[in-house]
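Participant: Here is a sequence together with a model predicted from it:
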Amino acid sequence: MADIDAEVERADPRWPADLPDRLQPLIAAAIGTAASPDGPLELSVVLADDQTVRSLNRDYRDKDRPTNVLSFALTESDEPAGLPGQPIALGDVLLAYETVASEARQQNKSLQDHVFHLVAHGVLHLLGYDHQVEEDAREMERLEKAILAEFAIADPYGPDS
């Protein structure tokens with residue numbers, strides 16, 4: 001198992017207070033399922049609000065609206081791993097409270113299950129996975145389902161989702 005320093009910040013007080021601690025095992029599982037890092041890793045997850053995510057989505061993706069999750073990778077898969085002995089900084093994952101809570105209600109999912117899915121999805125993006133091409137999207141979905149199954153969370157792409 002990789003040495004992972006995952007900082008989870010509860011930037012909006014509407015997120016459950018214990019969610020940052022509950023996300024730590026999920027982050028480790030996502031990395032363990034999808035990667036074999038050569039050294040220690042760093043990443044952050046920010047439990048934010050729609051306004052924060054909307055601003056970032058507008059400034060970095062030219063989409064002036066909130067979205068459920070944004071990932072900002074700090075390295076590309078073909079870049080060097082970093083300095084020897086120093087952690088590899090993967091990047092940041094941000095979630096928008098209002099959007100995520102609304103989606104969870106609309107999809108009849110618990111907030112935690114939906115957050116776990118979105119954080120797994122965001123971490124996979126930090127690891128270089130993408131869903132722009134159908135084959136890549138299928139691989140990403142397969143990994144997400146495997147990660148979530150470790151936490152007894154139903155397939156988010158199943159017929160009841």
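Facilitator: That came through, no problem.

Participant: can you give me the helices for this structure?
Facilitator: 19-34, 50-61, 97-106, 111-126, 134-149 (DSSP state H).

Participant: These: which one's closest to residue 13?
Facilitator: Of all these, it is helix 97-106 that lies closest to residue 13, at 9.4 Å by Cβ to Cβ. The way it works is simple: take the backbone N, C-alpha and C, and place the C-beta from them, glycine included.

Participant: got the angle for the closest one vs helix 50-61?
Facilitator: Here helix 97-106 runs at an angle of 110 degrees relative to helix 50-61 (axes from the mean of the first three to the mean of the last three Cα atoms, to 10 degrees).

Participant: for helix 97-106, packing partners?
Facilitator: Counting contacts by 3 or more Cβ pairs under 8 Å, 6 or more residues apart in numbering; DSSP states H and E, helix 97-106 is packed against helix 50-61, helix 111-126.

Participant: and residue 110, what is it in contact with?
Facilitator: With contacts defined as Cβ atoms under 8 Å, 6 or more residues apart in numbering, residue 110 is in contact with residue 104.

Participant: how near is it to residue 8?
Facilitator: Residue 110 sits 18 Å away from residue 8, going by Cβ to Cβ, to the nearest Å.

Participant: do the same with residue 87
Facilitator: 16 Å.

Participant: If you count surrounding residues, which of these two has more?
Facilitator: residue 8 (20 against 17; other Cβ atoms under 10 Å).
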